[in-house]
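A.B. asks: Got a predicted structure plus its sequence, pasted below:
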Amino acid sequence: MKTTEWTAVATAKELGRRRKLRVEVDGLAIALFQSEGRVYAFADVCVHQDRSLFKGTLLHGKVICPGHQWQFDLETGYEADQDRCQPTYPVRVDDDGTVYVKTEEASA
């Protein structure tokens, strides 16, 4: 059984005022979003038309894809109008502001 490891991907300071950041872990593109003091991690490529979610908008607890405006819930990755989920990853932020992601545990 493979042990899942937390991977440091960014700092809260790097998320900055934009509240979003695109990072890569072993060639996997991940879009980080910060909302209401929490950080969320999504597979960057939209399940609908392969658009970068990092280029989307954060609004009312959702990530809005720049392609066809699908709205993925920050907590679950679920798109209610389309009955589809965007893969998400567990996130941990340490006291020093380091953001960690577990890519082996994607939920979709």
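C.D. replies: Nice, I can see it. Residues are numbered from 1 along each chain as shown.
A.B. asks: all contacts plus neighbour counts: C-alpha atoms, from now on.
C.D. replies: Noted.
A.B. asks: What is the helix or strand bottoming out on mean pLDDT in the chain packed up against?
C.D. replies: Lowest by mean pLDDT, DSSP states H and E among the helices and strands of the chain is strand 84-85, with a mean of 84. Counting by 3 or more C-alpha pairs under 8 Å, 6 or more residues apart in numbering; DSSP states H and E, the packing neighbours recorded for strand 84-85 are strand 78-79.
A.B. asks: who's in contact with the strand it packs on?
C.D. replies: 70-73, 84-86 (C-alpha atoms under 8 Å, 6 or more residues apart in numbering).
A.B. asks: Filter these down to the buried ones.
C.D. replies: Buried by 16 or more other C-alpha atoms under 10 Å: 70-73, 85-86, out of these.
A.B. asks: which of those lies closest to T7?
C.D. replies: Taking C-alpha to C-alpha as the measure, Q86 is the one of the buried ones among the contacts of strand 78-79 closest to T7, at 20.4 Å.
A.B. asks: check contacts around V47.
C.D. replies: Counting by C-alpha under 8 Å, 6+ apart, the residues that V47 touches are 85-86.
A.B. asks: ditto for S52
C.D. replies: 44-46, 65-66.
A.B. asks: Name the SS class of V39, please.
C.D. replies: strand (DSSP: H, G, I helix; E, B strand; the rest coil).
A.B. asks: What average pLDDT does the longest strand along the chain get?
C.D. replies: Scanning the chain for the longest strand, with DSSP state E as the assignment, gives strand 28-35. On average, the pLDDT along strand 28-35 is 96.
A.B. asks: Find out how far that strand is from the centre of the chain, if you would.
C.D. replies: Offset of strand 28-35 from its chain centre (C-alpha atoms, centre = their mean, to the nearest Å): 3 Å.
A.B. asks: Give the buried residues for that strand.
C.D. replies: So for strand 28-35, counting by 16+ other C-alpha under 10 Å, buried means 29-34.
A.B. asks: Export those to CSV and append columns for distance to T57.
C.D. replies: Listed next are these as CSV, based on distance: C-alpha to C-alpha, whole Å:
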residue, distance to T57
A29, 17
I30, 15
A31, 12
L32, 12
F33, 10
Q34, 11
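A.B. asks: any idea which of these is the one closest to K13?
C.D. replies: Closest to K13, out of all of the buried residues of strand 28-35 and judged by C-alpha to C-alpha, is Q34, at 11.0 Å.
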